[in-house]
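K.L.:
What would the 3D arrangement of this be:
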Amino acid sequence: MSQGITHYEAGQSVDCYLLIKSSTRSIAVNGNPYLTLILQDKSGEIEAKLWDAKEETEKQYQPQTIVKVTGEIQNYRGRMQLKIRQIRPANPQDGVQVSEFIETAPMTQEEMTDIITQFIFEMKNPHIQRITRFLLKKHHTEFLEYPAATKNHHEFVSGLAFHVVSMLKLAKSIADLYPSLDRDLLYAGVILHDLGKVMELSGPVSTTYTVEGNLLGHITIMVNEIGKAAEELGIDGEEAMILKHIVLSHHGKAEWGSPKPPMVKEAEILHYIDNLDAKMNMLDRVLERTKPGEFSERVFALDNRSFYKPNFSS
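P.N.:
Residues are numbered from 1 along each chain as shown. Sure thing, here's the model as predicted:
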């Protein structure tokens, strides 16, 4: 693979191996079934359509299947799409492994663990520290491997932990600037706010929503987890309730998925930190594959806007 799939430009030919991240069956206007494939490599992902997809075709092209694809890159409504000419599942003789196509966080799990452990160590409130430590230990392996989402931001292996590390650094800078903030609450909120995603999502590769994820969602899951942790640890102070509120309100508004708006200062700030880090991740990734002097492809989660990359960009 000479270049990542997201670095191809419209009009360029493609002849490479890619991993199927997801495969969705739909019916075309003419009544024939087709598959929408999301194909990925370490650089990111691209959409492709597989027309006239019979039942056996659908079975052949399931998520986590490596495929050999030839085709062209097209610009379709402001987004790059791969027009497939030929496609086949990879075979053992091709000598390709799933791990070669999976995007991972730019830090090792050990580096991220060390940073997060240090933030927990700095907490002065024993109740907040114990609840945070307890829940992180309980879900440690999944926390370090899972993405932060199925799409939009940090949707790569170890994306959840990387999102938390970035937010903790941001939280520290903001708390340095505004000393009235309770660092313990803020740091614990950052670490716990998305931890429910280890039960909401299916895993680090070809990520989908679990039954629990669809029916309850990561916010409700985590509120329950905090309650159970406090009970198990014999903690009956106000801290657990405030931590639950921070998790409940971190999306900011009801229409963005928050059962409650932020009503504690640290909850308000956490919402901004979460939003800022998610948006920076989306922008960095889309602009990284945009040439200076050109507009990026549209970013659905940012009001479907295109972003211009100035000619003097570094």
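
K.L.:
hey, let's count contacts and neighbours off CA atoms from now on
P.N.:
Will do.

K.L.:
shaky segments in the stretch 201-314 of the chain?
P.N.:
313-314 (pLDDT under 70).

K.L.:
which stretches of it form strands?
P.N.:
Assigned by DSSP state E, counting those that start in this stretch, the strands in the stretch 201-314 of the chain number zero.

K.L.:
what does the stretch 1-150 of the chain give?
P.N.:
13-27, 33-41, 44-50, 66-76, 79-89.

K.L.:
any chance of the ones you listed in TSV, with mean pLDDT too?
P.N.:
TSV is the format used below for the strands of the stretch 1-150 of the chain (pLDDT from 0 to 100):
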stretch	mean pLDDT
strand 13-27	92
strand 33-41	92
strand 44-50	91
strand 66-76	93
strand 79-89	92
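
K.L.:
most tightly surrounded among these?
P.N.:
Of these, the one with the most neighbours on average (mean count of other CA atoms under 10 Å) is strand 33-41, at a mean of 22.

K.L.:
which strands and helices sit next to that strand?
P.N.:
Packing contacts for strand 33-41, counted by 3 or more CA pairs under 8 Å, 6 or more residues apart in numbering; DSSP states H and E, involve strand 13-27, strand 44-50.

K.L.:
and the angle for that strand with strand 13-27?
P.N.:
Going by axes from the mean of the first three to the mean of the last three CA atoms, to 10 degrees, strand 33-41 is angled at 140 degrees with respect to strand 13-27.

K.L.:
can you give me how far strand 33-41 is from the chain middle?
P.N.:
For strand 33-41, the distance from its own C-alpha centre to the chain's C-alpha centre is 19 Å (CA atoms, centre = their mean, to the nearest Å).

K.L.:
and if you look at stretch 266-285?
P.N.:
When C-alpha coordinates are averaged (CA atoms, centre = their mean), stretch 266-285 and its chain have centres 13 Å apart.

K.L.:
Could you export it as PDB, CA atoms only?
P.N.:
The C-alpha coordinates for stretch 266-285 follow below in PDB (Å, rounded to 0.1, in the frame of the first residue of the first chain):
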ATOM      1  CA  GLU A 266     -17.400  21.600  36.200                       C
ATOM      2  CA  ALA A 267     -20.100  20.000  34.200                       C
ATOM      3  CA  GLU A 268     -20.400  23.100  32.000                       C
ATOM      4  CA  ILE A 269     -16.700  23.200  31.400                       C
ATOM      5  CA  LEU A 270     -16.500  19.400  30.700                       C
ATOM      6  CA  HIS A 271     -19.100  19.800  28.000                       C
ATOM      7  CA  TYR A 272     -16.900  22.500  26.200                       C
ATOM      8  CA  ILE A 273     -13.700  20.400  26.600                       C
ATOM      9  CA  ASP A 274     -15.400  17.400  25.100                       C
ATOM     10  CA  ASN A 275     -16.800  19.300  22.200                       C
ATOM     11  CA  LEU A 276     -13.600  21.100  21.500                       C
ATOM     12  CA  ASP A 277     -11.500  17.900  21.500                       C
ATOM     13  CA  ALA A 278     -13.900  16.000  19.300                       C
ATOM     14  CA  LYS A 279     -14.100  18.900  16.800                       C
ATOM     15  CA  MET A 280     -10.300  19.400  16.700                       C
ATOM     16  CA  ASN A 281      -9.900  15.700  16.000                       C
ATOM     17  CA  MET A 282     -12.400  15.900  13.100                       C
ATOM     18  CA  LEU A 283     -10.800  19.000  11.700                       C
ATOM     19  CA  ASP A 284      -7.200  17.800  12.000                       C
ATOM     20  CA  ARG A 285      -8.000  14.500  10.200                       C
END
